[in-house]
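Student: This is a predicted model, with the sequence first.
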Amino acid sequence: ALRAAVGLGASVPQVAVAAKPQRSGSAAQVRQYRENDGRFHFKLVDGEGEVLLQSRHGAVSPADTAALVNALLSSARRADGDTEVFAAALVDCQAKSDVVATVEAARVLAGLLEVDAERRAKAEKKQAKG
C-alpha cells in the first residue's frame with residue numbers, strides 16, 4: 001500500500017537490505033578512552049568483549065597511553081609465542097606501570113598478538129595503496 005501511495009508500482013524491484021553479520025570469534029582489540037577525570041585509559045578485550053588487560057589509573061595524554069600499549073605489543077612480539085617469557089615481562093610491566101591483567105598471561109599474549117597482526121596487516125595494506 002505504501003508503494004502505491006508514493007507512486008511505486010509492482011514493476012519497481014524491491015531491494016533487500018542484508019543485516020550486518022555478527023563477527024563471531026573476532027579479533028582482540030585495544031580500546032583507548034578518556035574517563036571523566038580527564039585521564040586516558042585503555043583496555044585489551046578479546047573477540048567476545050572480555051577484558052584481558054587494562055590500565056588502572058590512566059595517563060595524562062593519549063600519547064602516553066599509546067606508548068604503553070605499543071610497549072606491551074613489543075613485549076608480546078619479543079616473547080615470540082613463549083608464554084613464560086611474556087609472563088615475566090608482564091609481571092615487570094605491571095610492577096612498573098599502570099596495567100593489570102585480568103586473565104592469565106597466555107590469553108593476554110594471544111590478544112596482544114592478534115592486535116599486533118591486525119595493525120601490521122592494515123599498515124601493509126595502506127602502504128600497498130600509497
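Tutor: All right, it came through fine. Numbers count the residues shown, from 1 in each chain.
Student: Where does pLDDT dip in this protein?
Tutor: Filtered on pLDDT under 70, the chain yields the residue ranges 1-25.
Student: got the residue ranges for the strands in this protein?
Tutor: Under the criterion DSSP state E, strands of the chain are mapped to 29-34, 40-45, 51-55, 99-101.
Student: between these, which one is nearest to Gln127?
Tutor: Evaluated with CB to CB, those place strand 29-34 nearest to Gln127, the distance being 21.1 Å. Glycine gets a C-beta too; all of them are placed from N, C-alpha and C.
Student: Near the closest residue to Ala87 other than its chain neighbours, how many residues? Count them for me, please.
Tutor: The shortest distance from Ala87 to any residue other than its chain neighbours is 3.8 Å, reached at Ala105 (CB to CB, 6 or more residues apart in numbering). A count of neighbours around Ala105, defined by other CB atoms under 10 Å, yields 20.
Student: How about Arg39?
Tutor: Using other CB under 10 Å, Arg39 has 17 neighbouring residues.
Student: coming back round to it: got the strands of the chain as TSV, with mean neighbour count columns?
Tutor: As requested, those are exported to TSV (neighbours: other CB atoms under 10 Å):
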stretch	mean neighbour count
strand 29-34	15
strand 40-45	20
strand 51-55	20
strand 99-101	17
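Student: Among the ones you listed, which comes closest to Ala63?
Tutor: So among the strands of the chain, strand 40-45 is nearest, using CB to CB, at 8.7 Å.
Student: tell me the contacts of the residue nearest to Ala87?
Tutor: With contact set as CB atoms under 8 Å, 6 or more residues apart in numbering, Ala105 has these partners: 83, 86-87, 90.
Student: before we move on, could you check phi and psi at the residue nearest to His57 when sequence neighbours are not counted?
Tutor: With CB to CB, 6+ apart as the measure, Asp98 is the residue that lies nearest to His57, at 5.1 Å, once sequence neighbours are left out. Note on Asp98: its backbone torsions stand at phi -100, psi 30 [degrees, to the nearest 10].
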